[in-house]
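Q: Here is my input, please return the structure:
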Amino acid sequence: MVLRKVIEIDEDLCTGCGQCITACAEGALELVNGKARVVSNRFCDGLGACIGECPEGALRVVERDVEEFDEGAVKKRLGEGEKHERHHRDREMSCPSAKVQILDKKRRSHETERRESLLGHWPIKLMLVPETAPFLKGKELVVLADCAAVAYASLHEELLDGKAIVIGCPKFADAQVYVERLGKIVKSGGIKELTIVHMEVPCCFGLQRIAEEAVRVSGKKIPIHETVITRKGDALRSRA
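A: Below you'll find the predicted structure:
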């Protein structure tokens with residue numbers, strides 16, 4: 001048994017809609033007697049990608065003594081080959097971010113004044129940024145889900161000016177690899193705070209959990225802020 005983060009479900013709030021189950025890449029959740037249940041803590045990585053899927057707020061991340069996360073057991077549970085591909089495909093189709101939508105937007109005149117980029121450094125990919133890069137020291141680090149960069153028109157003026165940035169996708173990347181990489185940047189980069197920017201879709205909420213875990217493993221105590229962008233490209237909310 002180890003002290004680590006796992007998902008906890010409030011049975012009184014759970015309506016048994018099952019939406020959290022399709023958001024769990026590890027297959028740690030099932031419907032039992034009309035309620036979502038954690039099958040086994042060894043299947044749960046504790047990053048909380050399923051939390052944003054629950055419309056009732058019945059899920060939360062807690063820290064307690066449980067079995068270690070067992071990636072081998074997860075692969076065995078999901079199955080190999082065709083079974084695993086089918087599971088992945090079903091998750092993709094159930095996610096709101098995979099739904100094709102046409103947004104009603106007015107076209108701007110080509111004569112509109114071009115904005116100046118406020119990007120202050122390169123590279124920007126999380127896996128490419130050196131953990132001791134000089135542009136990190138003393139800066140606020142924006143950890144940006146790559147879809148948000150396209151969706152939010154005021155990104156540069158409101159979120160990048162004078163800040164460092166790394167981008168990535170919590171849906172298609174290995175969450176633990178992201179935790180380890182960001183944890184090293186937090187530990188060695190000399191940054192003073194984090195701002196997490198992600199889309200409102202369920203798969204994107206994992207970026208916040210990744211950031212929280214990265215700060216924990218780094219041993220540093222720095223503030224974490226969160227900005228959520230809607231699928232229409234508006235800032236939904238900001239919180240610390």
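
Q: Quick check: end-to-end length of stretch 143-154?
A: End-to-end distance for stretch 143-154, by C-alpha to C-alpha, to the nearest Å: 16 Å.

Q: and the residue lying closest to M127 once chain neighbours are set aside, how far is that from E213?
A: The shortest distance from M127 to any non-neighbouring residue, by C-beta to C-beta, 6 or more residues apart in numbering, is to R181 (6.0 Å). In this view, the C-beta of every residue, glycine as well, is placed from N, C-alpha and C. Using C-beta to C-beta, to the nearest Å, R181 is found at 12 Å from E213.

Q: In terms of residue numbering, what are the domains of the chain?
A: 2-94, 140-239 (automatic domain parsing).

Q: pLDDT on the longest one, on average?
A: This means domain 140-239. Mean pLDDT, domain 140-239: 89.

Q: Torsion angles phi and psi at the closest residue to G48 other than its chain neighbours?
A: Spatial nearest neighbour of G48, chain neighbours left out: R209 (4.1 Å); criterion: C-beta to C-beta, 6+ apart. In terms of degrees, to the nearest 10, the main-chain angles of R209 are phi -70, psi -40.

Q: Assign the spatially most central residue of the chain to helix, strand or coil.
A: By C-alpha atoms, centre = their mean, the chain has its centre lying nearest to L207, at 2.0 Å. On the three-state scheme (DSSP: H, G, I helix; E, B strand; the rest coil), L207 is labelled helix.

Q: Correct me if wrong: it contacts D146.
A: No: between L207 and D146 there is no contact, the gap being 10.2 Å when judged by C-beta atoms under 8 Å.

Q: got any residues that touch both of the two?
A: Listed as contacting both L207 and D146 by C-beta atoms under 8 Å, 6 or more residues apart in numbering are G168.

Q: hey, where'd the strands end up in this protein?
A: For the chain, applying DSSP state E gives strands covering 2-9, 29-32, 35-38, 59-66, 140-145, 164-168, 193-199, 224-229, 235-239.

Q: Tabulate the CA atom coordinates of stretch 182-200 in CSV.
A: Provided in CSV are the C-alpha atoms of stretch 182-200 (Å, rounded to 0.1, in the frame of the first residue of the first chain):
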residue,chain,number,x,y,z
LEU,A,182,6.7,19.1,-16.0
GLY,A,183,7.8,18.1,-12.5
LYS,A,184,11.5,18.5,-13.5
ILE,A,185,10.8,21.9,-15.1
VAL,A,186,9.0,23.1,-11.9
LYS,A,187,11.9,21.7,-9.8
SER,A,188,14.8,23.1,-11.8
GLY,A,189,13.5,25.9,-14.0
GLY,A,190,13.1,28.6,-11.4
ILE,A,191,9.5,29.4,-12.3
LYS,A,192,7.4,31.3,-9.8
GLU,A,193,3.9,30.1,-10.6
LEU,A,194,1.8,28.0,-13.1
THR,A,195,-1.2,28.9,-15.2
ILE,A,196,-3.0,26.0,-16.8
VAL,A,197,-5.1,26.8,-19.9
HIS,A,198,-7.3,24.1,-21.3
MET,A,199,-10.6,23.5,-23.2
GLU,A,200,-13.8,22.8,-21.4
